[in-house]
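>>> here is a sequence with its predicted model. Questions after.
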Amino acid sequence: MTYNVFSGTLNPTQSIKSIMCWQQTVRMSWWFDAAVLGFDKIPLWGTFIISFGCGAISAVVIRMFVVPWQRRRIKGWSRVT
């Protein structure tokens, strides 16, 4: 079973495989294209700042948008059953 946008069904095994494939593609492109993209010129402290900054932005977005959306969704499911 694949993901259907209209019904919201998703096969967990298929989603895990697609995420792993996407991550591997990103890692390989960063590894081989680092010099072309200029990643080899970023100092170590800059890498930490970028990593923690992206993590903080992701945490804020998840806390502000994803958590309330999931709570509403879970409460909706509990009323149905």
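Great, that's in hand. Values in this document were obtained by computation on a predicted structure and should not be read as measured data.
>>> tell me the mean pLDDT over the strand or helix carrying Lys75?
Lys75 is part of helix 67-80, with elements assigned from DSSP states H and E. Summarised as a single mean, pLDDT over helix 67-80 is 82.
>>> now do the helix or strand of the chain with the lowest mean pLDDT: which elements does it pack against?
For the chain, counting by mean pLDDT, DSSP states H and E, helix 12-32 ranks last in confidence among helices and strands (a mean of 73). For helix 12-32, there is no helix or strand it packs on, judged by 3 or more Cβ pairs under 8 Å, 6 or more residues apart in numbering; DSSP states H and E. Heads up, the C-betas are built off the backbone N, CA and C, glycines and all.
>>> C-alpha coordinates for that helix, CSV please?
Output of helix 12-32 as CSV, limited to C-alpha atoms (Å, rounded to 0.1, in the frame of the first residue of the first chain):
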residue,chain,number,x,y,z
PRO,A,12,5.0,2.5,7.6
THR,A,13,7.5,0.2,6.0
GLN,A,14,7.4,2.1,2.7
SER,A,15,7.8,5.4,4.5
ILE,A,16,10.9,4.3,6.4
LYS,A,17,12.5,3.0,3.2
SER,A,18,11.8,6.2,1.4
ILE,A,19,13.3,8.3,4.3
MET,A,20,16.4,6.1,4.4
CYS,A,21,16.8,6.5,0.6
TRP,A,22,16.4,10.2,0.8
GLN,A,23,18.9,10.6,3.6
GLN,A,24,21.5,8.5,1.8
THR,A,25,21.1,10.6,-1.3
VAL,A,26,21.6,13.8,0.6
ARG,A,27,24.7,12.4,2.5
MET,A,28,26.3,11.2,-0.7
SER,A,29,25.7,14.5,-2.5
TRP,A,30,27.2,16.4,0.4
TRP,A,31,30.2,14.1,0.6
PHE,A,32,31.1,14.2,-3.0
